[in-house]
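**Q** no FASTA, just this:
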């Protein structure tokens, strides 16, 4: 990548810092009696997440010419949603994971009831952020409503929630590639796509821009999930902050279990290539999005 | 109430019918693989709820001169939130209730994971409804964003979620009236108040109208929760659709446990009176809201 002098590392560092400042500033204070659940929400929200989804949201805004600094609250809301989904996924009756990002998962650090409520609170907080006066004053209101609609659809019965449901039902069953792709699409891809798209909508995107970014987001999302599956086998437990081979132990339906490691790697590369080619439309402005897509593969190379 | 010829029963019947039509029409279809969680959400959403919160939202819109039929989708979203909160409250690690409205609670009819996901999906669905194009086209967008903000704040870390957390922590402990009031305020009152207020905001309410309705909603909310506590002792299991004395068995902090039945009844009456007096501002237009407040007391007379 000699021709690509874009410095992704400083780019990510700057954005992550800004997103985290907003999360810190707007997160409810631990006052009165409700302290415990606020602490639990904060515990998981500030557990070292990579903030990929908010960064994609900001980058989606920027690539269509919008001002990303005006929509930081929106991007922060997306991270709240992502964190809520991790807390609930880790619960004993779901994936039953005791560790997340190298720390005890929320229900281990607190308890099940607190973890469920912390997740519920984080989902509500996302929509508080999305409609916060400090965001509303900067953005087109019709576009903001559209962006919220895109996110809420991606995470509900026609998206993330359905994906997690089927992921659980498939545990231990022999599955087919078609179902696996459906699970990935709903559980992971739709929110990643929605993150880029909502940012673009807020940035003023037109139909063609949204179409290109939808293709980028979808392909990136699939690559992302496939790499995640690979890391469960190939990853370093210390770096991952969780046990490897947990999918294998649970007999989860994954790409490596269906196709083997080499073919799965090829598949991830194919998706990243497709994601990058969807960006051609934007020319040089798409450097950050391109670099992010390529970075996804780095984790397994 | 000879002077009050308002027919609450037909009023409620008409509104409930309209709200349920919208819920039916816009609820995601059970397609593909995600069927189970959609069924679970529907199971609880159509389990015979009284639809009090959506009706308060519609009445709040109407009392300030708005067109309630245009905001049905918004009111339906509030019912999704209420249902999600019941599903999660009933979970074994929370209140551990096996019955709700005379039917097995969601985690009993399905299982824990499905119930958690159905609740999560219903919360997301609420915000899908709030930002649905079929609603957005009818209402002022600034007001819609404000209404969503009111609801999301009422149900999160500064509202319902915190209330449920402290309610759980207080089980079996001897509590004081101050904490009990805080629990009621957050767990129940804020969403009831927000239901009326969001409807009023959408209907075009000004500052003074919102102030009066906030007082109405708060007082109604307290009355509502106190009556609920009373029904746990005085109610008919068949009519309630759940076991009585469940609060007593769990040593829950309630008004009857603190003050006895007679004093608690007086307290409920006091709150209803206050709620009704806050409506003076609106004159005859407030008949439905007034009748709803008086109806709350009927349940324990």
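**A** Right, received. Where do you want to start? None of the values given here were measured: they were computed from a predicted structure. Numbers count the residues shown, from 1 in each chain, chains lettered A, B, ... in the order given.
**Q** Need the three-state assignment for residue A:28.
**A** coil (DSSP: H, G, I helix; E, B strand; the rest coil).
**Q** Just give me the neighbour total for the residue nearest to residue A:66 when sequence neighbours are not counted.
**A** By the measure of CB to CB, 6 or more residues apart in numbering or on different chains, the closest residue to residue A:66 outside its immediate chain neighbours is residue A:203, 2.2 Å from it. Backbone N, C-alpha and C define where each C-beta goes, glycine included. For residue A:203, the count of nearby residues is 26 (other CB atoms under 10 Å in any protein chain shown).
**Q** show me the contacts for residue A:203.
**A** A:60, A:61, A:62, A:63, A:64, A:65, A:66, A:67, A:68, A:71 (CB atoms under 8 Å, 6 or more residues apart in numbering or on different chains).
**Q** Retrieve the pLDDT associated with it.
**A** Listed pLDDT for residue A:203 reads 98.
**Q** where in chain A is pLDDT low?
**A** For chain A, the stretches with pLDDT under 70 are A:1-4, A:31-32, A:172-175, A:237-242, A:300-301.
**Q** Can you tell me the closest non-neighbouring residue to the most centrally placed residue in chain A?
**A** Centroid-nearest residue in chain A, with CA atoms, centre = their mean: residue A:53, separated by 4.3 Å. Excluding its sequence neighbours, the residue lying closest to residue A:53 (CB to CB, 6+ apart) is residue A:195, at 4.3 Å.
**Q** Would you agree the one you found is in contact with residue A:54?
**A** Yes - if you go by CB atoms under 8 Å, residue A:195 and residue A:54 touch, sitting 7.2 Å apart.
**Q** where do the contact lists of these two overlap?
**A** Residues touching both residue A:195 and residue A:54 (CB under 8 Å, 6+ apart): A:75, A:78.
**Q** Would you map the helices across the stretch 201-301 of chain A?
**A** Taking DSSP state H, counting those that start in this stretch, the helices of the stretch 201-301 of chain A run over residues A:207-234, A:237-240, A:246-249, A:255-259, A:261-277, A:287-298.
**Q** To chain B, which of these lies closest?
**A** Nearest to chain B, of all these, is helix A:207-234, at 15.5 Å by CB to the nearest CB.
**Q** What is that closest one packed up against?
**A** helix A:52-63, helix A:177-184, helix A:190-203, helix A:246-249, helix A:255-259, helix A:261-277, helix A:287-298 (3 or more CB pairs under 8 Å, 6 or more residues apart in numbering or on different chains; DSSP states H and E).
**Q** Which strands and helices lie in contact with the longest one?
**A** The criterion is 3+ CB pairs under 8 Å, 6+ apart, and the helices and strands that helix A:261-277 contacts are helix A:207-234, helix A:255-259, helix A:287-298.
**Q** can you put those helices in a markdown table and add mean neighbour count and distance to residue B:166?
**A** As requested, these are exported to a markdown table (neighbours: other CB atoms under 10 Å in any protein chain shown; distance: least, CB to CB, whole Å):
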| stretch | mean neighbour count | distance to residue B:166 |
| --- | --- | --- |
| helix A:207-234 | 21 | 37 |
| helix A:255-259 | 18 | 44 |
| helix A:287-298 | 20 | 41 |
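**Q** Out of these, flag the one nearest residue B:109.
**A** helix A:207-234 (31.1 Å; CB to CB).
**Q** how about the residue nearest to the centre of chain A, what does it touch?
**A** Residues in contact with residue A:53 (CB under 8 Å, 6+ apart) are A:75, A:78, A:79, A:81, A:82, A:191, A:192, A:195.
**Q** Need the buried ones from the contacts of residue A:203 selected in PyMOL.
**A** Of those, the buried ones go into a single PyMOL selection, burial set by 16 or more other CB atoms under 10 Å in any protein chain shown:
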select buried, chain A and resi 60+61+62+63+64+66+68+71
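**Q** just curious, which of the contacts of residue A:203 is nearest to residue B:12?
**A** Residue B:12 lies nearest to residue A:71 out of the contacts of residue A:203, by CB to CB, at 42.2 Å.
**Q** From residue A:213, how far off is the closest one?
**A** According to CB to CB, to the nearest Å, residue A:71 stands 15 Å off from residue A:213.
**Q** likewise residue A:203?
**A** 10 Å.
**Q** Now for those two: what residues contact both?
**A** A:60, A:63, A:64.
**Q** Could you single out the nearest of those to chain B?
**A** residue A:60 (18.2 Å).
**Q** Residue A:171 and residue A:183, how far apart?
**A** Distance, residue A:171 to residue A:183, by CB to CB: 11 Å.
**Q** Compare the two (neighbour count), which wins?
**A** Ranked by neighbour count (other CB under 10 Å), residue A:171 and residue A:183 place residue A:183 first, with 26 against 13.
**Q** on that earlier part again, could I get the helices of the stretch 201-301 of chain A in TSV, plus columns for distance to residue A:136?
**A** Converted to TSV, those look like this (distance: least, CB to CB, whole Å):
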stretch	distance to residue A:136
helix A:207-234	22
helix A:237-240	38
helix A:246-249	41
helix A:255-259	41
helix A:261-277	32
helix A:287-298	26
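**Q** Which one of the ones you listed lies nearest to residue B:187?
**A** When these are compared (using CB to CB), the closest one is helix A:246-249, at 35.9 Å.
**Q** So which residues make contact with the closest one?
**A** Counting by CB under 8 Å, 6+ apart, A:95, A:97, A:229, A:232, A:233, A:254, A:257 sit against helix A:246-249.
**Q** Quick check: the first one touching residue A:88?
**A** No - under the contact definition of CB under 8 Å, residue A:95 does not touch residue A:88, with a separation of 9.4 Å.
**Q** ok, those two, which is more surrounded?
**A** Between residue A:95 and residue A:88, counted using other CB under 10 Å, residue A:88 has the larger neighbour count: 27 against 20.
**Q** wait, what's in contact with that one?
**A** Here residue A:88 is in contact with A:94, A:115, A:116, A:119, A:164, B:116, B:117, B:120 (CB under 8 Å, 6+ apart).
**Q** 10 Å instead, please
**A** Listed by CB atoms under 10 Å, 6 or more residues apart in numbering or on different chains, the contact set of residue A:88 reads A:94-95, A:106-107, A:115-116, A:118-120, A:122-123, A:161, A:164, B:113, B:116-117, B:119-120.
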